[in-house]
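Participant: Compute the structure for the input listed below.
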Amino acid sequence: MAKKKRKKWTHYGLEFKIGAIKRVAAGETVTRVAREAGITRGVLNRWRKQYPELGAAGCLPLGARKEAVASPVEMAARQIAELERKVGQQEVEIGFLKRAFERVKELPRRKNGSGGSASTGRLR
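Facilitator: The predicted structure follows:
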């Protein structure tokens, strides 16, 4: 007995999915839209069902959907974690710059070529 070839999964873009949903909502039949889009009626009907429930996130792959449909508490926790990470990065950068500034201050000052004193950076 010959093995059946498995159909490869096709990933459709968000615009493609929403476009197909809107065509059906505008009055075209599910069968016609599905045939022209090269998808099954079942797939299109699943997208149509998920779209009103979850919005555009319903048309995303499951892994991406979980992130897009996160509760406000989960979203706030993620945002807090991201901000804490950024603050940590900034603390590291500030520490580096402070150490670099201290090393520059410790360097001996050179006189300029005219024999006068080195510039203090102030304008007269």
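
Participant: Show me where the chain dips below the pLDDT cut-off.
Facilitator: 1-10, 52-71, 74, 112-124 (pLDDT under 70).

Participant: all helices for it, in order.
Facilitator: 14-25, 30-37, 41-54, 62-68, 72-106 (DSSP state H).

Participant: Mean neighbour count added to the ones you listed, as CSV?
Facilitator: Where you see a C-beta, it was placed from the backbone N, CA and C, and this is true even at glycine. Listed next are those as CSV, based on neighbours: other C-beta atoms under 10 Å:
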stretch, mean neighbour count
helix 14-25, 16
helix 30-37, 15
helix 41-54, 15
helix 62-68, 12
helix 72-106, 10
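
Participant: Could you spell out which stretches of the chain belong to which domain?
Facilitator: 11-69, 70-107 (automatic domain parsing).

Participant: contacting residues around Arg23?
Facilitator: Val33 (C-beta atoms under 8 Å, 6 or more residues apart in numbering).

Participant: Can you tell me how far it is from Thr31?
Facilitator: Arg23 sits 12 Å away from Thr31, taking C-beta to C-beta, to the nearest Å as the criterion.

Participant: before we move on, what about Met75?
Facilitator: 39 Å.

Participant: Kindly report the same for His11.
Facilitator: His11 is 23 Å from Thr31, by C-beta to C-beta.
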